[in-house]
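[1] whatever this is, show me its structure:
(chains A and B)
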Amino acid sequence: MERKRSDDYESGPLPSPRALDRFGFVKPDANTSEGVAKTNRSAYEYEKIKERRRVRKWRKMIGVGGSDWKHYLRKKPNVVKRRIRKGIPDCLRGLVWQLISGSRDLLLMNPGVYEQLVIYETSASELDIIRDISRTFPSHVFFQQRHGPGQRSLYNVLKAYSVFDRDVGYVQGMGFLAGLLLLYMSEEDAFWLLVALLKGAVHAPMEGLYLAGLPLVQQYLFQFERLVREHLPKLGEHFSEEMINPSMYASQWFITVFSYSFPFHLALRIWDVFLYEGVKIVFKVGLALLKYCHDDLVKLPFEKLIHGLKNFSEDAMNPDTLLPLAYSIKITKRLEELKLEYEKKNGKITRSREISENEKPILPSIQSN
Amino acid sequence: MSRRGDEEYDYLFKVVLIGDSGVGKSNILSRFTRNEFCLESKSTIGVEFATRTLEVEGRTVKSQIWDTAGQERYRAITSAYYRGALGALLVYDVTKPTTFDNVTRWLKELRDHADANIVIMLIGNKTDLRHLRAVNTEDAQSYAEREGLSFIETSALEATNVEKAFQTILGEIYRIISKKSLSSSNDSAAAANIKEGKTIAIGGSETATTNKPCCTS
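    As a prediction, this is how the structure comes out:
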């Protein structure tokens, strides 16, 4: 598939109307066998019926514009958790994501701030951001048109964030977070959700994934490696024999919360749970993938193993089997212990990072919690 | 092109692809290993890996190539992959002078983290964008000479010189390795290992790329 590069700075042509999937991604090959298309269609019909039922329940639960949400959440947190784990209806996803991540509150507390960041501030990362814009979800129709609305929104959100938090600035990978959010909400909403995640409005802040030294990536990889050895000892042993470490396959999982290379319908289901329950689900899904493919993986030598870890089979990535498997893996307590162990091991680094976090200038009205 | 997994080879060389973000590292790799080029490619997050086996100086050489994210902050993860590498392809974009200016910083990065005798090749990529060229071939050539690097210009898009770049660096590595095993007192043992297809390129680090280290380069 070769096309000529164009390097002018005008809006590019609209992408040709190639076949899209239901999320707006260009299908890899529109002429794939009929059989596949048929099974997809019937699955789609079934999904639609299920979805309609779910939407009714959900509408009741959140109320108009989310007015009943907090009340319901206080009253029945376990019902909320159960329903989220089954998947948020796609038509309500954007709104619910904002409610569960706490970004709605940030938005309301900071009127006009986003506009200020986009219009009046300049960022040292502008060129870095521009360079990656067309390399973020390049197969999604919304982001394909050169300088089109999708690419412009993506640029604005990332630039605004790089100004808002100059210590993080812009780091490759953040674009996939922003891009995923932009498919479900406006620029300003996406920006505040990014703030909520990185600054930790509800869960532990994620900014360490992107700060200099990528400290949180290193910590998560350490924790993940240990969890693999504890939960899947045979595979863990095989990994160390083959000299496989999680930085070879799992850094993308954490840095982009599975949005980089996983099927979009799976990424969305993971995000539903991720926003409500936190980063734990990334570990659980990672372990579930390894568990599901365990018997194949333990047989593979180094090169095939790496390939296998980057290209899971389609049935391994079916949300309806993978997620229940992920939910069944209990790691909360162990994850916390491993975090302490890691911090002890890297004591100095952690302490100096905390100091710089406290000194960080945060916009006056933002409560860092 | 299909390759059998249990193929035989005389040598196994680990090579890293480094350089600023957006210079075309991943497309150089996909051109070399799969003869593919993708204009709509995603930026690399972390590291990617691919291999190809080819004839170099009459020997079957398997190259294991690690492609790394170019953004500076990712060096926290990617620099671990320099260890044990016998070769590094340091790529810049002939249309972006800053990516050439940064070559010096990448060399320092290699000096800090890679083995001292790593073979380095400087690659100016995207020569297909003729009207946008901003780095002279001569300037890059003389820089490479001063620094003792091999140098070549490529276009991953037009498939120009990509094959040659890998042939050259793998050939250089081969010459160094074979000289070493000749001068080694344990000559016959080393030769035996080579025949069995064992690896030559292990730094003994946790990120080294194969499981059966036999000797260090």
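
[2] and for the residue of the stretch 101-250 of chain A found nearest chain B, the neighbour number?
    Relative to chain B, the nearest point of the stretch 101-250 of chain A is A:Pro138 (3.7 Å; Cβ to the nearest Cβ). Heads up, the C-betas are built off the backbone N, CA and C, glycines and all. By the criterion of other Cβ atoms under 10 Å in any protein chain shown, A:Pro138 has 17 neighbours.

[3] helices and strands around the longest helix anywhere in chain A, which ones?
    In chain A, taking DSSP state H as the definition, the longest helix is helix A:34-62. Applying 3 or more Cβ pairs under 8 Å, 6 or more residues apart in numbering or on different chains; DSSP states H and E, one finds that helix A:34-62 contacts helix A:69-75, helix A:77-85, helix A:93-101.

[4] out of those helices, flag the one nearest chain B.
    Closest among the helices and strands packed on helix A:34-62, using Cβ to the nearest Cβ: helix A:93-101, at 22.2 Å.

[5] nearest residue to B:Thr78 in space, please, no chain neighbours.
    B:Thr68 (3.9 Å; Cβ to Cβ, 6 or more residues apart in numbering or on different chains).

[6] one more: A:Val171?
    Leaving aside its sequence neighbours, A:Val171 sits nearest to A:Tyr210 (Cβ to Cβ, 6+ apart; 4.0 Å).

[7] show me what contacts that neighbour?
    A:Val168, A:Val171, A:Gly173, A:Met174, A:Leu198, A:Ile255, B:Arg73 (Cβ atoms under 8 Å, 6 or more residues apart in numbering or on different chains).

[8] of these - the most surrounded one?
    Going by other Cβ under 10 Å, A:Gly173 tops the contacts of A:Tyr210 with 29 neighbours.

[9] and the end-to-end length of stretch B:140-156?
    18 Å (Cα to Cα, to the nearest Å).

[10] what comes up buried for it?
    The neighbour-count check on stretch B:140-156 (16 or more other Cβ atoms under 10 Å in any protein chain shown) flags B:Ala140, B:Tyr143, B:Ala144, B:Leu149, B:Ser150, B:Phe151, B:Ile152, B:Glu153, B:Thr154, B:Ser155, B:Ala156 as buried.

[11] just those: which are in helices?
    Going by DSSP H, the helices hold B:Ala140, B:Tyr143, B:Ala144 from these.

[12] for the first one, which non-adjacent residue is spatially closest?
    With Cβ to Cβ, 6+ apart as the measure, B:Gly124 is the residue that lies nearest to B:Ala140, at 5.4 Å, once sequence neighbours are left out.

[13] re the thing from before, could you dump the ones in helices among the buried residues of stretch B:140-156 to JSON lines with pLDDT?
    Converted to JSON lines, these look like this (pLDDT from 0 to 100):
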{"residue": "B:Ala140", "pLDDT": "98"}
{"residue": "B:Tyr143", "pLDDT": "98"}
{"residue": "B:Ala144", "pLDDT": "98"}
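
[14] about what we covered before: what angle separates the longest helix of chain A from helix A:77-85?
    On the basis of axes from the mean of the first three to the mean of the last three Cα atoms, to 10 degrees, helix A:34-62 is oriented at 160 degrees to helix A:77-85.

[15] and helix A:34-62, what's its mean pLDDT?
    For helix A:34-62, mean pLDDT is 77.

[16] list the buried residues in it.
    For helix A:34-62, by 16+ other Cβ under 10 Å, it's A:Arg54, A:Trp58, A:Met61, A:Ile62.

[17] equivalent analysis for stretch A:122-140, please.
    Neighbour-count burial for stretch A:122-140 [16+ other Cβ under 10 Å]: A:123, A:125, A:128-129, A:131-140.

[18] which ones among these lie within helices?
    Reading helices off the buried residues of stretch A:122-140 with DSSP H, I get A:Asp128, A:Ile129, A:Arg131, A:Asp132, A:Ile133.

[19] how near is the second one to A:Gln252?
    Computed as Cβ to Cβ, to the nearest Å, the A:Ile129 to A:Gln252 distance reads 19 Å.
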